[in-house]
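Undergrad: Provided below for reference: sequence and predicted model.
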Amino acid sequence: MPRKPVNRAAIEEAARTLSNWGRWGAEDQLGTLNTITPQDVIDAGKLIRRGKVFSLGLSLKEPIQSGLFGGRWNPIHTMLATGTDAANGNQDEPFPYLRYADDAINMPCQASTQWDALCHIFLGDKMYNGFDARLVDAKGAKKLGIENYRDKMVGRGVLLDIARWKGVDSLDDGYPISNEDLDGCAKAQGVEVRRGDFVLVRTGHQERCLGKGDWAGYAGGDAPGVAFETCYWAREKDIAGLCTDTWGCEVRPNETNEANQPWHWVVIPAMGLAMGEIFYLKELAFDCASDGVYEFFFCAPPLHLPGGAGSPANPQAIK
């Protein structure tokens with residue numbers, strides 16, 4: 001079935017239709033994470049049967065930021081003290097016998113595997129749940145900061161391996177993953193997407209870049225990704241979060257030239273959807289294909305950074 005055109009009117013209609021403003025109260029700062037109940041977390045824990053743990057965080061040493069998007073740089077890891085210092089006796093004064101290594105990291109909060117906070121995207125001059133965009137200032141976000149997620153990113157995870165289902169190593173740049181694709185993949189894998197799930201979508205794009213050793217265009221360039229229509233799918237399924245192996249989740253080039261990242265305009269400020277980007281899914285996807293089990297215990301807390309618009313994460317899938 002042909003998709004409806006995506007334009008400013010379609011974006012505004014989706015934002016109105018799919019809005020979760022007020023659904024969980026006027027002061028809510030969690031958005032779709034409210035769909036996860038304590039029983040859901042208990043049930044997710046029961047999915048751990050083999051004790052096999054998969055890290056879904058990309059190495060911070062991968063230079064994915066190529067300058068295509070607004071001022072982000074690659075993480076800078078600096079050693080402050082080393083074993084060379086210790087062996088040379090440089091650390092023996094004024095306090096002898098404590099020899100050590102120490103280091104620091106300098107990075108944008110969204111430079112690698114990360115969560116978007118609900119204060120990250122504005123719809124006009126409003127954030128999710130109607131909060132004023134001016135509540136985010138030079139000191140950080142007074143509402144909807146990433147710290148609200150710090151003890152909520154736990155539940156049932158589901159992998160939708162679209163690339164493998166399509167029989168390719170990687171979807172082509174510009175391929176829009178449709179609602180039909182998401183449902184078709186889930187059916188083929190024998191897994192059901194339920195309320196409160198964290199849905200992980202594999203396109204293969206990140207693995208293509210890793211294999212070539214070339215990240216040109218990954219951050220902000222053309223990429224496969226979810227189509228705009230999937231905002232309706234996410235609301236219908238009532239999922240807690242959606243994550244992909246791409247830089248920005250949604251397909252690029254975007255499906256309209258009237259808005260940059262139109263899917264973001266709806267799912268974050270209108271729906272309050274938890275969105276994860278740049279997830280490393282290769283090893284998890286291989287294991288799921290091997291044992292046919294595409295559901296798992298998922299845990300991915302952000303840093304406790306009050307007022308943050310995003311946060312690095314090292315998500316874990318446990319089977």
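TA: Looks like it came in fine. Note that the structure is predicted; figures quoted are calculated from it, not measured.
Undergrad: biggest strand in this structure by residues?
TA: Scanning the chain for the longest strand, with DSSP state E as the assignment, gives strand 154-161.
Undergrad: And that one, how far out from the chain middle?
TA: 12 Å (CA atoms, centre = their mean, to the nearest Å).
Undergrad: how many other residues sit next to A133?
TA: Number of residues near A133 (other CB atoms under 10 Å) recorded here: 17. Just so you know, the C-beta spots here come from the backbone N, C-alpha and C atoms, and that holds for glycine as well.
Undergrad: L18 too?
TA: Residue crowding around L18 was assessed by other CB under 10 Å; the count is 17.
Undergrad: avg pLDDT for whichever helix or strand comes after the longest strand of the chain?
TA: Using DSSP states H and E, the next helix or strand after strand 154-161 towards the C-terminus is helix 162-166. This predicted structure assigns helix 162-166 an average pLDDT of 98.
Undergrad: And for the next helix or strand after helix 162-166, what's in contact with it?
TA: Later in the chain than helix 162-166, the nearest helix or strand by DSSP H and E is strand 176-177. Around strand 176-177, the neighbours that count as contacts under CB atoms under 8 Å, 6 or more residues apart in numbering are 3, 162, 171, 201, 203, 224-228, 230, 251, 255.
Undergrad: Which entry within those residues corresponds to the minimum pLDDT?
TA: Minimum pLDDT across the contacts of strand 176-177 falls on R3, with 75.
Undergrad: right, and it touches S178 too?
TA: Yes - assessed by CB atoms under 8 Å, R3 is found in contact with S178 at 7.0 Å.
Undergrad: that older thread, H304: which of the contacts of strand 176-177 is nearest?
TA: Distance to H304 across those (CB to CB) is lowest for V201, with 27.2 Å.
Undergrad: Look up how far C299 lies from that closest one.
TA: Applying CB to CB, to the nearest Å, the value for V201 to C299 is 18 Å.
Undergrad: More neighbours: which of the two?
TA: For V201 against C299, the residue with the higher neighbour count under other CB under 10 Å is V201, and the figures read 26 against 20.
Undergrad: That one: what secondary structure?
TA: Under the three-state scheme (DSSP: H, G, I helix; E, B strand; the rest coil), the conformation of V201 reads as strand.
Undergrad: Tell me the spacing between the nearest residue to it once chain neighbours are set aside and E12.
TA: Of all residues beyond its chain neighbours, the one nearest V201 is T244 (4.6 Å), with distances taken as CB to CB, 6 or more residues apart in numbering. When CB to CB is applied, the distance between T244 and E12 equals 25 Å.
Undergrad: So if I had to pick from those two, which one is more boxed in?
TA: A direct count of neighbours by other CB under 10 Å for T244 and E12 places T244 higher, at 28 against 16.
Undergrad: Pretty sure the more buried one sits against F279.
TA: Yes - at 6.5 Å, T244 counts as touching F279 under the criterion of CB under 8 Å.
Undergrad: Need the overlap of contacts for these two.
TA: Both T244 and F279 are contacted by L200, under the criterion CB under 8 Å, 6+ apart.
Undergrad: ok so, going back, and the longest strand of the chain, what does it pack against?
TA: Applying 3 or more CB pairs under 8 Å, 6 or more residues apart in numbering; DSSP states H and E, we find strand 154-161 packed against helix 38-45, helix 179-189, strand 198-202, helix 282-291, strand 295-299.
Undergrad: tell me the pLDDT at K4?
TA: The score at K4 is 81. That number is its pLDDT.
Undergrad: With Y100 instead?
TA: So Y100 comes in at 87 (pLDDT).
Undergrad: Need phi/psi at it.
TA: In this entry, Y100 is assigned phi and psi values of phi -160, psi 170 (degrees, to the nearest 10).
Undergrad: excluding its backbone neighbours, what's nearest it?
TA: A81 (5.9 Å).
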